[in-house]
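Engineer: no sequence for this one, just the structure:
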């Protein structure tokens with residue numbers, strides 16, 4: 001069951017190529033600029049949802065009323 005040198009060499013080259021692809025993918029995924037951009041997009045889409053948007057508006061209005069009430073008391 002001894003393998004010849006050409007077979008071993010081709011297996012090593014395939015493994016090296018697969019490893020290079022995996023490292024390139026991890027480098028792309030872990031890019032800080034990409035992570036920040038994806039976070040911004042996620043935040044923007046979350047804030048655009050009506051349920052979240054109107055809840056934040058209501059909380060802001062309530063806080064504004066509380067501040068105004070304390071100022072004029």
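Structural biologist: Good, I have the coordinates. Quick caveat, the model's predicted, so the values are computed rather than measured.

Engineer: Can you tell me the closest non-neighbouring residue to residue 56?
Structural biologist: residue 47 (7.4 Å; CB to CB, 6 or more residues apart in numbering). Backbone N, C-alpha and C define where each C-beta goes, glycine included.

Engineer: What is the burial count for the one you found?
Structural biologist: 10 (other CB atoms under 10 Å).

Engineer: go on, residue 73?
Structural biologist: For residue 73, using other CB under 10 Å, the count is 5.

Engineer: How much space separates it from residue 35?
Structural biologist: Residue 73 sits 47 Å away from residue 35, going by CB to CB, to the nearest Å.

Engineer: do the same with residue 68
Structural biologist: 40 Å.

Engineer: Now the longest helix seen in the chain: average pLDDT?
Structural biologist: The helix that spans the most residues within the chain, counting by DSSP state H, is helix 5-29. Mean pLDDT, helix 5-29: 93.

Engineer: for stretch 50-59, same thing?
Structural biologist: 94.

Engineer: Could you do stretch 32-47 as well?
Structural biologist: pLDDT averaged over stretch 32-47 gives 93.

Engineer: what's the burial count for residue 33?
Structural biologist: 7.

Engineer: secondary structure element for it?
Structural biologist: In this assignment (DSSP states H and E), residue 33 forms part of helix 32-47.

Engineer: and the angle for the very next helix or strand once past that helix with helix 32-47?
Structural biologist: Following helix 32-47 in sequence order, the next helix or strand is helix 50-71 (DSSP H and E). Interaxial angle, helix 50-71 versus helix 32-47 (axes from the mean of the first three to the mean of the last three CA atoms, to 10 degrees): 80 degrees.

Engineer: I'd say residue 56 and residue 49 touch.
Structural biologist: No: using CB atoms under 8 Å, residue 56 is not in contact with residue 49; the gap is 10.4 Å.

Engineer: how many other residues sit next to the closest residue to residue 28 other than its chain neighbours?
Structural biologist: The shortest distance from residue 28 to any non-neighbouring residue, by CB to CB, 6+ apart, is to residue 34 (7.1 Å). Using other CB under 10 Å, residue 34 is surrounded by 11 other residues.
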